[in-house]
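Colleague: give the three-dimensional model of this entry:
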Amino acid sequence: MAPPIINFFKSFLKQIIVSFLFLVYLAVNLFQIGGDAFVINVNNSIVVPLAVAVSFLALLLWRQNVTGSQNRFLWLGLTIGWVLWTIAEVWWAFTSFIEQEVPYPSWIDFFWLAGYIPMYLALGARIRSLPKLLHPIQRVGIRVVALICAACTVLFIIIPILQNSDPAAIFESTINILYPLADMVLLILVLQIFFSYEQGMYGRAWRWLTLGFISFSIGDLFFAYASTADLYYPDQQVNLVSSLGSDIPYNLSYLFCMIGLSILHTMQNTHRIIAQTGTNLKLVPDTHLLVFTKDDDTVMDVSRNFEKVISENTVHGKTIQEVLGISHQDADTLLKEIKEDRVFKERMFYANTRSGREQVWVSGIAAISPQREYLGVYLLLRMLTGNSSFDILLTAEEKGMVRSLLAKTGTEQREQEEIKQLLADYYQTFINSFYNHTFTEGGSMMADAFTTELQLIVSQQGWQMEIQPNSLLDVSRLSLDEAKTILPILFEAAWKFIVKLTGPATADAIVQEIRSKFGEGAIKNISLFSLARADPA
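Modeller: Residues are numbered from 1 along each chain as shown. Okay, the predicted model is just below:
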C-alpha cells in the first residue's frame, strides 16, 4: 500500500485544502499577520516538514527503482542532495529559534553547497542516457534561461558584491556568488530532462519539479542579493524582498517538488514488468471448403479444393458422416439444427482429412425452394492446413458462395475477430518485450514515456484505442482493417524507441529472439492476414 503522503494530492478535497493553506501562507507574509517575529518564524520553520517530505519521497523512489537501472542512480543522487539540504534546513530553523540572527555564512552553508554535487552527478548521468535529442528550439530556450540567470547574477549579485567588497568578508562574498551560479547550473540540467519528455505523467511530474527548481533558484538569487544589500530581514523586520522575493519562492520550491515526486510515485505503482503469456498463438483457419447436399441429405457436390484437403475418393451420394468422418450423433445434430433454424452457427468437429484427424469448423444454411420446401444444405468448412493456396483453387462462383455463407451464418464476423486477435497477440508480444526492456533500463519514468509516445501516435490518427500500462494494446474497438494498419505502425514506433534508448543492435536482438520462438506455421498464418510482413525484423 502506498504511503499516505503519496496519496495526499489524489483527492480533489485535499487539493482544495493545499490551495487554501497556500493562500493562508501568502496572506501571512504579504499582510504580516501576527507581526514580524511570527512571519520570520513561519518562514524559517515551514520549510522543514516540506524538505523532510521531499527527501522521504525521493528515498522511496530510489528504493522502488529496479536495481541496476539508469533511473536508480538518478534518484540516488537527488536523494543525497535533498537529504543534505534537509539537514541544512533543520539546522537553520533550530538556530533561528535559539539565536536572534542566524550567522551567515556558517557550516550550514556547507551542507547546502555539498547537496549540489550529487545532484549534478545524477542529472548529468541521466541526461547522457536520454534517448531523445532536444529540439533546436528547446536548446535555444535553455540557453535563453541560462543567459537570463547569468545576467541577473552579474547585475544583482556579482557587481554589487564587487562594488561593496570588504576584504574581511571575502568568504561571505564568495558564498554569495556560489549559490546563484550553482542554481543556474542545476536549472539548466533540470530543463534538459524536462524538455526531453514533455508528455504523460513523466512530463507532468517534471513540470512540477522544474517549477520547484526555478522557485528554488529565484529564492536563492533574492537571498544572495538581499544579504549583499543588507535587506534580508534587517533588524528582524519583514520586507517584500525578504518574504516575497526570497522565502516564499524558496519554501514553495519544496512544495512543488513534493507534488512532482508524488506524481512519480503514482507512476511507480502504475508501471511494472508485463508477464509474457508465451508465443502460442491461436492461428486462424486458412482454407475454406464447400459441401452441398440434396434433400435426402446425401452429398451432391463439393468445392474444387475439397479433394486436396479431405479426400480424393468419390463423395457423391455419400452422407455427411461418411464424407467428413464425423460421428453419427454430430451429423444428426448438424442436420437437425439446420433444418429447424435454417442456419447452423459455426461449430468445431473432428474430421478425417488427408493429414489425419483434424479440427474443422462447420457452418451452413438450408437450401429452401420458393415453395418453402427443403432442398438440402450448403455447408462451409474452415480448416487450418498451413497451405493458403488451396483457396486459390476455388472458382469465382465458389468464392462468392464462401463470402455469402460467411456473412449469412455470422462466421464472417467471427473470422474477422479471430484474425484481429491473432495480429494483436502477435504484435503485442514484441511491444510487451520492448516495454519490459524500457522499464528495466529506465524504470517507470521511461516506461511512461514509452506508452505516452505510442498513445500520442494513436491520438494523432484519431484511432479508437488506448495504450494502457501493463496491457498496452486493446484492439476491441478497432475494425479488422484498422488493426491491420495500426499494429505495424505501433510496432515500428516501439522499435524506434528502443533504438533511441539502447541502439539498433539491442532492438533487433529483441525482435530476433521473439521471432525465433514462433514456428514457421505461425509466421505463414500471420503473413496471410497482415498488411505488413509477419517478420518485423
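Colleague: all contacts plus neighbour counts: C-alpha atoms, from now on.
Modeller: Fine.
Colleague: which intervals of the stretch 251-400 of the chain have sub-threshold pLDDT?
Modeller: 269, 276-279, 312 (pLDDT under 70).
Colleague: and the host helix or strand of Trp62, how far out from the chain middle?
Modeller: Counting by DSSP states H and E, the element that carries Trp62 is helix 36-64. Put simply, helix 36-64 sits 31 Å off its chain's centre (C-alpha atoms, centre = their mean, to the nearest Å).
Colleague: can you show me the CA trace of stretch 142-149 as CSV?
Modeller: C-alpha atoms of stretch 142-149 as CSV (Å, rounded to 0.1, in the frame of the first residue of the first chain):
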residue,chain,number,x,y,z
ILE,A,142,17.6,26.6,-22.3
ARG,A,143,20.3,29.0,-23.5
VAL,A,144,18.0,31.9,-23.0
VAL,A,145,17.2,30.8,-19.5
ALA,A,146,20.9,30.4,-18.8
LEU,A,147,21.7,33.9,-20.2
ILE,A,148,18.9,35.5,-18.1
CYS,A,149,20.2,33.7,-15.0
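Colleague: centre of the chain to the edge, which residue is at the far end?
Modeller: Gln371 (62.0 Å; C-alpha atoms, centre = their mean).
Colleague: and the strands in the stretch 151-300 of the chain?
Modeller: Assigned by DSSP state E, counting those that start in this stretch, the strands in the stretch 151-300 of the chain fall at 287-293, 299-302.
Colleague: in JSON lines: these, plus mean neighbour count.
Modeller: Output for the strands of the stretch 151-300 of the chain, formatted as JSON lines (neighbours: other C-alpha atoms under 10 Å):
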{"stretch": "strand 287-293", "mean neighbour count": "22"}
{"stretch": "strand 299-302", "mean neighbour count": "18"}
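Colleague: can I get these in a markdown table with distance to Arg207?
Modeller: What follows is the strands of the stretch 151-300 of the chain, written out as a markdown table (distance: least, C-alpha to C-alpha, whole Å):
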| stretch | distance to Arg207 |
| --- | --- |
| strand 287-293 | 55 |
| strand 299-302 | 68 |
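Colleague: out of the ones you listed, nearest to Leu211?
Modeller: Of all those, it is strand 287-293 that lies closest to Leu211, at 61.5 Å by C-alpha to C-alpha.
Colleague: helices or strands next to that closest one in the packing?
Modeller: Contacts defined by 3 or more C-alpha pairs under 8 Å, 6 or more residues apart in numbering; DSSP states H and E place strand 287-293 against strand 299-302, strand 374-383, helix 396-409.
Colleague: next SSE after the helix holding Trp62?
Modeller: helix 70-98.
Colleague: other SSEs contacting the next helix or strand after that following helix?
Modeller: Proceeding N to C from helix 70-98, the next assigned helix or strand is helix 107-129, under DSSP H and E. Judged by 3+ C-alpha pairs under 8 Å, 6+ apart, the packing partners of helix 107-129 are helix 70-98, helix 170-196.
Colleague: buried ones in helix 107-129?
Modeller: By neighbour count with 16 or more other C-alpha atoms under 10 Å, helix 107-129 contains the buried residues 108-109, 111-113, 115-120, 122-127, 129.
Colleague: if we can go back for a sec, who are the packing partners of the helix holding Trp62?
Modeller: Judged by 3+ C-alpha pairs under 8 Å, 6+ apart, helix 36-64 is in contact with helix 70-98, helix 248-270.
Colleague: now find how far off-centre the last one is within its chain.
Modeller: This means helix 248-270. Centroid separation between helix 248-270 and its chain, computed with C-alpha atoms, centre = their mean, is 20 Å.
Colleague: residues of it that come out buried?
Modeller: 248-268.
Colleague: what does the longest one give?
Modeller: Applying a neighbour-count criterion of 16+ other C-alpha under 10 Å, one finds 70-93, 95-96 buried in helix 70-98.
Colleague: packing partners of it?
Modeller: For helix 70-98, the packing partners by 3+ C-alpha pairs under 8 Å, 6+ apart come out as helix 36-64, helix 107-129, helix 411-461.
Colleague: switch those over to JSON lines; also include distance to Phe223 and mean pLDDT.
Modeller: Output for the helices and strands packed on helix 70-98, formatted as JSON lines (distance: least, C-alpha to C-alpha, whole Å; pLDDT from 0 to 100):
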{"stretch": "helix 36-64", "distance to Phe223": "13", "mean pLDDT": "89"}
{"stretch": "helix 107-129", "distance to Phe223": "13", "mean pLDDT": "88"}
{"stretch": "helix 411-461", "distance to Phe223": "34", "mean pLDDT": "86"}
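Colleague: can you lay out those as JSON lines showing distance to Ala494?
Modeller: As requested, those are exported to JSON lines (distance: least, C-alpha to C-alpha, whole Å):
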{"stretch": "helix 36-64", "distance to Ala494": "25"}
{"stretch": "helix 107-129", "distance to Ala494": "18"}
{"stretch": "helix 411-461", "distance to Ala494": "6"}
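Colleague: single out the most deeply packed of the helices and strands packed on strand 287-293.
Modeller: Most buried of those, by mean neighbour count (mean count of other C-alpha atoms under 10 Å): strand 374-383, with a mean of 22.
Colleague: in JSON lines: the helices and strands packed on strand 287-293, plus distance to Lys524.
Modeller: Formatted as JSON lines, the helices and strands packed on strand 287-293 follow (distance: least, C-alpha to C-alpha, whole Å):
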{"stretch": "strand 299-302", "distance to Lys524": "26"}
{"stretch": "strand 374-383", "distance to Lys524": "15"}
{"stretch": "helix 396-409", "distance to Lys524": "22"}
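Colleague: go through these and name the closest to Ala205.
Modeller: Short answer: helix 396-409, nearest of those by C-alpha to C-alpha, at 50.8 Å.
Colleague: what inclination does that closest one have with respect to strand 287-293?
Modeller: Taking axes from the mean of the first three to the mean of the last three C-alpha atoms, to 10 degrees, one finds helix 396-409 and strand 287-293 inclined to each other by 90 degrees.
Colleague: please renumber so the chain begins at 8
Modeller: All right, first residue 8 from here; so that's helix 403-416.
Colleague: neighbouring contacts of helix 403-416?
Modeller: The contact list for helix 403-416 (C-alpha atoms under 8 Å, 6 or more residues apart in numbering) reads 295, 297, 310, 350-353, 370-372, 386-387, 418-420.
Colleague: same thing but at 10 Å, please
Modeller: Residues from elsewhere that reach helix 403-416 (C-alpha atoms under 10 Å, 6 or more residues apart in numbering): 295-297, 309-311, 349-353, 370-372, 385-388, 398-402, 418-422.
Colleague: still on that earlier bit, out of the strands of the stretch 158-307 of the chain, which comes closest to Pro167?
Modeller: Counting by C-alpha to C-alpha, Pro167 lies closest to strand 294-300 out of those; the figure is 86.3 Å.
Colleague: how many other residues sit next to the residue lying closest to Pro187 once chain neighbours are set aside?
Modeller: In space, and not counting its chain neighbours, Pro187 is closest to Leu228: 5.5 Å by C-alpha to C-alpha, 6 or more residues apart in numbering. For Leu228, the neighbour count with other C-alpha atoms under 10 Å is 27.
Colleague: what pLDDT does Leu228 get?
Modeller: Leu228 is assigned a predicted lDDT (pLDDT) of 81.
Colleague: now do the contacts for it.
Modeller: 156, 159-160, 163-164, 183-184, 186-188, 190-191, 222, 234, 252-253, 257.
Colleague: how near is Phe457 to Gln199?
Modeller: 18 Å (C-alpha to C-alpha, to the nearest Å).
Colleague: actually Met265, not the one I typed
Modeller: Computed as C-alpha to C-alpha, the Met265 to Gln199 distance reads 20 Å.
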